[in-house]
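*Asks:* Generate a structure from the sequence data that follows.
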Amino acid sequence: MSTTATRPARTSGGGTTRRGGGTVAEWLRRPRPPLAPPRWLAVLSTVGAAAALLVVPLVNPSYVNLTVTLVMVWTIVGLGLNLLVGFGGQVSLGHSAFFAIGAYAVAVAGEAGWAQPAALLVAGVVPFVVGYAIGLPALRLHGLQLGLVTLALAMATPAAIRAFEPLTHGSRGIGIDGTPPAWVPLDHDQWVYYLALAAASLGYVVTRRLARGRLGRSFVAVRDAELVAETLGVNTWQTKTRLFATSAAYAGVAGGLYALLLEFVGPENFNLTLSISFVTLIVVGGLATVPGAVLGAIFVQYVPTLTSSISPAATGATYGVVLILFAFFVPHGLAGLARAALGPLVRRVPGRPKA
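*Replies:* Residues are numbered from 1 along each chain as shown. Here you go, the predicted structure:
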């Protein structure tokens, strides 16, 4: 009796062939549709996640609240940047500039005696206006040219902060009072956590609606076929400019929360590495996927922390290696891998609508 060999076959190129055809690399690069769980499972998962997130700051020490809050801050940045890069097809390497504007908006508003929620609103409005003003001329450029302009913006940010010393206090930075209002019975870390949770939840819902609605379709149309979009009546220049400004507003709100959490901002907080980490976030999480912003934020928060314990220079090397690996082998990011892993399980769950 003959037996069938269980050893994976080798392709002529040296790659291992998976059961079902194709090499492992092809399987990793294969696009997957979004998960479509039944309504009861989606509601149950949402309620469970919301309950867990609401309880986290009440049962954990402050350092845990700090790291989880930072994950939510990076998630907000990732949501906005993914709108711009993933759905809009524009390149930005300078979102650390808008992050810094939001942080300093909260710091300056705090010095003026503004309430923290009002300061966070300013942290979104000011970057939106600045992003719109920059986007008007910059978005007439494409690809590498636009990337270089935004890269220059990120590189100039620390110097610009020092130049506006009367407002920003230059290299000395600004201390921020992140104490919650007297009527809020929470510690500082819990208060900022809930502010970040509210902002991230709102940003997540708004981003999903934008991505799935008419605006999202116009973003994708401009990304994939700009000339065709113009012939269909889409004002591509205005669409790209508004998208750039909206993405800047996301980064600004995240920067304001970051400032409230650390209770200090200085020019050294907003270097080029920060912009690189933002790009890494959306590439690792998954371009043009809303859940990918959450997965990328978790990566950016925890993986560099682990590698920096090995060597101070390991963080930058990690970003470089990961960007190369994901660009070549996992173009759909962690969201794509999650779809591949969970898709077969979700399809077996009872209650899914029939195709």
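
*Asks:* from here on, contacts and neighbour counts on C-alpha atoms
*Replies:* OK.

*Asks:* ranges for the strands of the stretch 101-250 of the chain?
*Replies:* 174-175 (DSSP state E, counting those that start in this stretch).

*Asks:* Flag the shaky bits of it, pLDDT-wise.
*Replies:* For the stretch 101-250 of the chain, applying pLDDT under 70 flags the ranges 139, 141-143, 216, 224-230, 232-234.

*Asks:* Report the separation between the residue lying closest to V283 once chain neighbours are set aside and T280.
*Replies:* Spatially, and ignoring its direct neighbours in sequence, V283 is nearest to G333 (6.2 Å; Cα to Cα, 6 or more residues apart in numbering). According to Cα to Cα, to the nearest Å, G333 stands 10 Å off from T280.

*Asks:* And for F164?
*Replies:* 30 Å.

*Asks:* Between the two, which has more neighbouring residues?
*Replies:* Taking other Cα atoms under 10 Å, F164 and T280 do not tie; T280 has more neighbours (23 against 11).

*Asks:* which residues does that one contact?
*Replies:* 296, 300, 319, 322-323 (Cα atoms under 8 Å, 6 or more residues apart in numbering).

*Asks:* Of the residues you listed, keep whichever come out buried.
*Replies:* 296, 300, 319, 323 (16 or more other Cα atoms under 10 Å).

*Asks:* ok, of these, which one's closest to T289?
*Replies:* Nearest to T289 out of the buried ones among the contacts of T280 is G296 (Cα to Cα; 10.7 Å).

*Asks:* before we move on, the earlier item: can you list the buried ones among the contacts of T280 in CSV and add secondary structure and distance to L70?
*Replies:* Below are these laid out as CSV (DSSP: H, G, I helix; E, B strand; the rest coil; distance: Cα to Cα, whole Å):
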residue, secondary structure, distance to L70
G296, helix, 12
V300, helix, 10
Y319, helix, 18
L323, helix, 21
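
*Asks:* Report the lowest-confidence entry in those residues.
*Replies:* Lowest model confidence among these falls on Y319, which carries 79.

*Asks:* how close does the closest residue to that one other than its chain neighbours get to P33?
*Replies:* Of all residues not flanking Y319 in the chain, T280 sits nearest, at 6.6 Å (Cα to Cα, 6+ apart). From T280 over to P33 the distance is 23 Å, taken as Cα to Cα.

*Asks:* distance between stretch 27-42 and the chain's centre?
*Replies:* 20 Å (Cα atoms, centre = their mean, to the nearest Å).

*Asks:* all helices of the stretch 151-300 of the chain, in order?
*Replies:* Along the stretch 151-300 of the chain, counting by DSSP state H, counting those that start in this stretch, helices occupy 165-168, 188-212, 214-224, 226-231, 236-262, 272-285, 291-308.

*Asks:* just to revisit the earlier point, run a quick neighbour tally on the residue nearest to V283.
*Replies:* So G333, with other Cα under 10 Å, has 24 neighbours.

*Asks:* helices and strands around the helix or strand hosting A97, which ones?
*Replies:* Using DSSP states H and E, A97 maps to helix 95-111. Counting contacts by 3 or more Cα pairs under 8 Å, 6 or more residues apart in numbering; DSSP states H and E, helix 95-111 packs against helix 116-138, helix 143-163, helix 165-168, helix 236-262, strand 264-265, helix 272-285.

*Asks:* Distance to A103 for the ones you listed - can I get that in JSON lines?
*Replies:* JSON lines is the format used below for the helices and strands packed on helix 95-111 (distance: least, Cα to Cα, whole Å):
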{"stretch": "helix 116-138", "distance to A103": "7"}
{"stretch": "helix 143-163", "distance to A103": "11"}
{"stretch": "helix 165-168", "distance to A103": "11"}
{"stretch": "helix 236-262", "distance to A103": "4"}
{"stretch": "strand 264-265", "distance to A103": "7"}
{"stretch": "helix 272-285", "distance to A103": "14"}
